[in-house]
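S.K.: Just need the structure, nothing else, for what follows:
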Amino acid sequence: FFPATDWVLGLNLNFQEDDYPNSEMGLRYARIQDATLDASYVPSEQVNTYAFYTVQRSQFEQNGRSHNPFAAGSETDPTRNWRVDFDEWTHTVGVGSSLTFLENRLTWSTDYSFS
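M.R.: Got it, this is the predicted structure:
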């Protein structure tokens with residue numbers, strides 16, 4: 001979206017899903033969703049600045065089993081089973097700029113992001 005000749009606004013949405021319903025061990029499912037809103041200000045060919053905000057949700061389920069190869073029967077002991085359910089939200093903000101000098105032969109870029 002171009003609200004003016006020197007401004008660019010963007011929105012990016014992503015969704016990824018992997019399901020393994022028949023897997024007793026290992027990854028059972030993974031879901032990742034994110035949305036990014038960004039803005040760039042480009043007043044000239046030599047100057048570019050930007051800012052963005054991203055929110056991401058990650059969800060995973062994984063099953064496993066720990067065992068001791070030196071202890072008989074530990075590989076089939078159901079008390080050694082474990083499960084991880086992971087649900088996390090991540091927020092990231094960032095800003096940056098680039099300046100071009102010497103007839104486009106040198107570019108100085110600075111970026112900062114915080115999650």
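S.K.: Run through the bridge partners of the residue positioned nearest the centre of the chain.
M.R.: Central residue check for the chain by C-alpha atoms, centre = their mean: the C-alpha nearest the mean position is that of residue 56, 6.6 Å away. In this entry, residue 56 is beta-bridged to residue 34, residue 90, by DSSP bridges.
S.K.: Residue 96 now?
M.R.: Beta-bridge partners of residue 96, as defined by DSSP bridges: residue 50, residue 111.
S.K.: Just the pLDDT at it, thanks.
M.R.: Residue 96 carries a pLDDT value of 98.
S.K.: same thing with the one 3 residues further on?
M.R.: At residue 99, the predicted lDDT confidence score is 95.
S.K.: Tell me who's in contact with it.
M.R.: Residues in contact with residue 99 (C-beta atoms under 8 Å, 6 or more residues apart in numbering) are 46, 47, 107, 108, 109. C-beta here means a position set from N, CA and C on the backbone, and glycine is covered the same way.
S.K.: Please report how far it lies from residue 7.
M.R.: 18 Å (C-beta to C-beta, to the nearest Å).
S.K.: now do residue 17
M.R.: 34 Å.
S.K.: Equivalent analysis for residue 21, please.
M.R.: 46 Å.
S.K.: can you tell me the helix or strand for the closest residue to residue 114 other than its chain neighbours?
M.R.: Once flanking residues are discounted, residue 114 sits nearest to residue 93: 5.6 Å by C-beta to C-beta, 6 or more residues apart in numbering. In this structure, residue 93 sits in strand 81-101 according to DSSP states H and E.
S.K.: What residues of that strand count as buried?
M.R.: 94, 97, 100 (16 or more other C-beta atoms under 10 Å).
S.K.: Contacts only, for residue 58.
M.R.: 30, 31, 32, 86, 87, 88, 90.
S.K.: Repeat the analysis, applying 10 Å as the threshold.
M.R.: 16, 30, 31, 32, 33, 34, 86, 87, 88, 89, 90 (C-beta atoms under 10 Å, 6 or more residues apart in numbering).
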